[in-house]
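>>> Predicted coordinates and the sequence they were generated for:
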Amino acid sequence: MTVSDAEEQHEQPWSRRRLRSTNERLLLDRLRTLGAASRAQLARETGLSKPTVSSALASLETAGLVHEVGTQAPERGRTAVLYAPDPAAGYALGVDIGRGWLRVAVVDLDGTVVARADVRNRTRASAALADLVVGTARQVIASSGVDPAEVVHGVVGTPGVYDEKQRRVRYAMHLPGWGRTGLVDRMREELGVPLEVHNDANLAALGEYTYGVGTGSRLFAYILIGTGLGMGVVGEGRLFTGAHGLAGEIGFLPWPGRHKPERLEDAVSGEAVVEAAREFGMSGQLTAKAVFDAARQGNPAALRAVELEAERIAHTVAAAAAVLDPDLVVLGGGVGHSVDLLLRPVQEQVRALTPLRPRIAPSRLGEDAVLLGAVATALDTARDLVFERRTAGS
């Protein structure tokens, strides 16, 4: 026997395992797309032979990755068993950290929410916020009835940008102390769940692409307007983050303020709406929501503040259109509650500012955009991890 023959024989078992794993993953992914299918349908869809499909399905069923979900009686021929991915094979965790609210959800591998909590964020220190995240996540996992060990991956959305090298969040101006080194590591350790950390606007864009109005868009920009200002960009289904993860940080763009130069974030935010309303004559305990509500009732000062906000948002949209050439710009964040007042004036202002004409639409997901983006991102990794763990010995 030659050396090459011996090497070939030595490699064959590994090659067979790899081919078997590839076929199993192909079938599992196709079932996620189809929802439920028979052996014959899977053979047609994948081009694999029926014996190969039967063998792969048997392995996936033994591993707890697929299960029988019913039967199908064709007009001719035998009744066929239908298979689908088992959603209970693993779970993922999504977290949205905002200045006002913390939202946490556990989902199964189908993306169905099995438990969720929305709690007010009244913390004033970063350590207390980390405790709130961990405590709420534990509570959600416990209320789901899921074994914590089955929650295989989590994604956290936060203002700012996570610096992997320094292991801290940067540029989270509205969460005091949130940039301290070690906070994310502490949450990972205390939860016992691998956590990724992503910018909230980026996750909102992915959520809107996966579940909302951005579905099918070739390239769209999601502008998150709330406590601060951010933008997520999704092209061909992929997030664009730039060389250092800072793409979309449009809040740092300069803006010619009324009294002094400022950042665009200072001009386009909920706080900017309140400040403008005060300048135009409103008084009392004001919030952005209160200003918009007053505008709906015809309050002149509130109407002027809303008009100014629309103008500033239009400048933001025009900048995004010039740099990115998106086919869609989605307006989200707290502004989503007031799109009835803003959408038309923003569109008119954009037409006056630039010859570029992206479609402008409100977020379909509203305040859930970041959380659903976190869930969608966590699911991608969770499905891979569950498949690898459950097929490792086959």
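The structure has been received and is ready for your questions.

>>> what residue ranges in this protein score low on pLDDT?
For the chain, the stretches with pLDDT under 70 are 1-14, 75-77, 257-261, 393-394.

>>> could you pull out the helices for it?
For the chain, the helices defined by DSSP state H cover 3-34, 39-46, 50-62, 126-144, 183-191, 200-211, 264-267, 270-279, 288-296, 300-324, 339-353, 369-391.

>>> Dump those to a markdown table, plus distance to residue 155 and mean neighbour count.
From N, CA and C alone the C-beta is placed, and that goes for glycine too. Formatted as a markdown table, those follow (distance: least, Cβ to Cβ, whole Å; neighbours: other Cβ atoms under 10 Å):
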| stretch | distance to residue 155 | mean neighbour count |
| --- | --- | --- |
| helix 3-34 | 19 | 13 |
| helix 39-46 | 30 | 17 |
| helix 50-62 | 26 | 17 |
| helix 126-144 | 12 | 18 |
| helix 183-191 | 12 | 17 |
| helix 200-211 | 7 | 28 |
| helix 264-267 | 24 | 21 |
| helix 270-279 | 25 | 21 |
| helix 288-296 | 28 | 19 |
| helix 300-324 | 24 | 20 |
| helix 339-353 | 27 | 17 |
| helix 369-391 | 4 | 23 |
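
>>> would you list those in TSV and tack on distance to residue 84?
Shown next, in TSV, are the helices of the chain (distance: least, Cβ to Cβ, whole Å):
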stretch	distance to residue 84
helix 3-34	6
helix 39-46	11
helix 50-62	11
helix 126-144	21
helix 183-191	30
helix 200-211	20
helix 264-267	45
helix 270-279	43
helix 288-296	43
helix 300-324	38
helix 339-353	37
helix 369-391	14
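
>>> Out of those helices, the one nearest residue 90 is which?
Distance to residue 90, taken as Cβ to Cβ, is lowest for helix 369-391 among the helices of the chain, at 3.7 Å.

>>> Can you name every helix or strand that that closest one contacts?
Where contact means 3 or more Cβ pairs under 8 Å, 6 or more residues apart in numbering; DSSP states H and E, helix 369-391 is packed against helix 3-34, strand 91-97, strand 101-108, strand 151-158, strand 195-199, helix 200-211, strand 219-225.

>>> helices or strands next to the second one in the packing?
With contacts defined as 3+ Cβ pairs under 8 Å, 6+ apart, strand 91-97 has these neighbours: strand 101-108, helix 126-144, strand 151-158, helix 200-211, helix 369-391.

>>> between the ones you listed, which one is nearest to residue 32?
Of the helices and strands packed on strand 91-97, the one closest to residue 32 (Cβ to Cβ) turns out to be helix 369-391, at 7.9 Å.

>>> distance of the nearest residue to residue 173 once chain neighbours are set aside from residue 19?
Closest residue in space to residue 173, ignoring its immediate chain neighbours: residue 228 at 6.9 Å, by Cβ to Cβ, 6 or more residues apart in numbering. Here the criterion is Cβ to Cβ, to the nearest Å. By it, residue 228 lies 50 Å from residue 19.

>>> ok, back up a step: how many other residues sit next to the residue nearest to residue 173?
27 (other Cβ atoms under 10 Å).

>>> Residue 80 too?
Applying other Cβ under 10 Å, we find 16 residues neighbouring residue 80.

>>> Tell me the bridge partners for it.
The partner list for residue 80 in beta bridges (DSSP bridges) reads residue 72.

>>> on that earlier part again, out of the helices of the chain, flag the one nearest residue 96.
It's helix 369-391; of the helices of the chain, that one is closest to residue 96 (Cβ to Cβ) at 4.1 Å.

>>> Between strand 219-225 and the closest one, find me the angle.
With axes from the mean of the first three to the mean of the last three Cα atoms, to 10 degrees as the basis, helix 369-391 and strand 219-225 are set at 120 degrees to each other.

>>> got the helices and strands packed on strand 91-97 as CSV, with distance to residue 306 columns?
Putting the helices and strands packed on strand 91-97 into CSV (distance: least, Cβ to Cβ, whole Å) gives the following:
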stretch, distance to residue 306
strand 101-108, 23
helix 126-144, 32
strand 151-158, 28
helix 200-211, 22
helix 369-391, 22
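
>>> closest one to residue 33 among those?
Counting by Cβ to Cβ, residue 33 lies closest to helix 369-391 out of those; the figure is 12.6 Å.

>>> Put the alpha carbons of the closest one into PDB.
C-alpha atoms of helix 369-391 as PDB (Å, rounded to 0.1, in the frame of the first residue of the first chain):
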ATOM      1  CA  ALA A 369     -36.800  47.000  17.100                       C
ATOM      2  CA  VAL A 370     -33.600  46.800  19.100                       C
ATOM      3  CA  LEU A 371     -34.800  43.800  21.100                       C
ATOM      4  CA  LEU A 372     -35.900  41.900  18.000                       C
ATOM      5  CA  GLY A 373     -32.600  42.700  16.300                       C
ATOM      6  CA  ALA A 374     -30.800  41.300  19.400                       C
ATOM      7  CA  VAL A 375     -32.900  38.200  19.200                       C
ATOM      8  CA  ALA A 376     -32.300  37.700  15.500                       C
ATOM      9  CA  THR A 377     -28.600  38.100  15.900                       C
ATOM     10  CA  ALA A 378     -28.500  35.800  18.900                       C
ATOM     11  CA  LEU A 379     -30.500  33.200  17.000                       C
ATOM     12  CA  ASP A 380     -28.000  33.000  14.200                       C
ATOM     13  CA  THR A 381     -25.200  31.900  16.600                       C
ATOM     14  CA  ALA A 382     -27.500  29.900  18.900                       C
ATOM     15  CA  ARG A 383     -28.600  27.700  16.000                       C
ATOM     16  CA  ASP A 384     -25.000  27.000  15.000                       C
ATOM     17  CA  LEU A 385     -24.000  26.200  18.500                       C
ATOM     18  CA  VAL A 386     -26.900  23.900  19.100                       C
ATOM     19  CA  PHE A 387     -26.200  22.000  15.900                       C
ATOM     20  CA  GLU A 388     -22.600  21.600  16.700                       C
ATOM     21  CA  ARG A 389     -23.200  20.400  20.300                       C
ATOM     22  CA  ARG A 390     -25.900  17.900  19.400                       C
ATOM     23  CA  THR A 391     -24.100  16.400  16.400                       C
END
